[in-house]
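*Asks:* Sharing a sequence plus its predicted fold:
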Amino acid sequence: MSLERRRQVPADHPIRKMFRALTEMSFEQIDLRDRELIRYVADLLVEFMHVDNLFRLRDQQGRRLDHLVDMLLDLHDQAPADEREARKHIGDYTLFIVGLYPESLTRRRRAVSPEYYIAQGKEAYLIVAEMDRTKPT
């Protein structure tokens, strides 16, 4: 598995401001006012505007991995730094799909439960946090 280089949206681009405002309004509706979380989710929305960023993970032949199961299966041969990035991407990908397109999981020929995506995303983020905690300084 490999990770394609991210396509960047400039930090001062108006779309960032718009997504932050919309994310903040949405989070306020559920009484969630964590600034760091709002920024993370808004930046994720901006990043995934580019479909290439949503499907950054590639197999050994360079083909994009667009199914969670394929991403998970290809994790085993990663160097630690690449594994961390791949797992973070899996967490971000599942958050994005479940948060914005949960119906896409059940409309496929082989339906996948949103709960499965949530569990895999949580596990990916937990592993990344553990890797960061145990990383030598």
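*Replies:* Alright, I've got the coordinates.

*Asks:* what's the pLDDT at residue 108?
*Replies:* Note for residue 108: predicted pLDDT of 67.

*Asks:* likewise the one 10 residues further on?
*Replies:* Reported pLDDT at residue 118 in the predicted model: 96.

*Asks:* Would you list the phi and psi of it?
*Replies:* The phi and psi values for residue 118, taken as degrees, to the nearest 10, are phi -60, psi -50.

*Asks:* so who does it touch?
*Replies:* Neighbour list for residue 118: 94, 98 [criterion: Cβ atoms under 8 Å, 6 or more residues apart in numbering]. Backbone N, C-alpha and C define where each C-beta goes, glycine included.

*Asks:* in the chain, which spans are strands?
*Replies:* Per DSSP state E, the chain carries strands over the ranges 2-3, 57-58.

*Asks:* Mean pLDDT lowest where, among those?
*Replies:* For the strands of the chain, where the average pLDDT is lowest is strand 2-3, sitting at a mean of 68.

*Asks:* give me the number of residues near residue 72?
*Replies:* If you count neighbours by other Cβ atoms under 10 Å, residue 72 ends up with 16.

*Asks:* Next, the contact list for it, please.
*Replies:* Contacts of residue 72 (Cβ under 8 Å, 6+ apart): 90, 120.

*Asks:* how far away is it from residue 60?
*Replies:* Noted for residue 72: a distance of 15 Å to residue 60, by Cβ to Cβ, to the nearest Å.

*Asks:* Skip the chain neighbours and tell me the closest residue to residue 57.
*Replies:* residue 65 (4.4 Å; Cβ to Cβ, 6 or more residues apart in numbering).

*Asks:* residues near the one you found, how many?
*Replies:* Neighbour count for residue 65, taken as other Cβ under 10 Å: 22.

*Asks:* Could you double-check that it sits in contact with residue 54?
*Replies:* No - counting by Cβ atoms under 8 Å, residue 65 stays clear of residue 54, with 10.9 Å between them.

*Asks:* Pull the contacting residues for residue 84.
*Replies:* Neighbours of residue 84 in contact, by Cβ under 8 Å, 6+ apart: 128, 131, 132.
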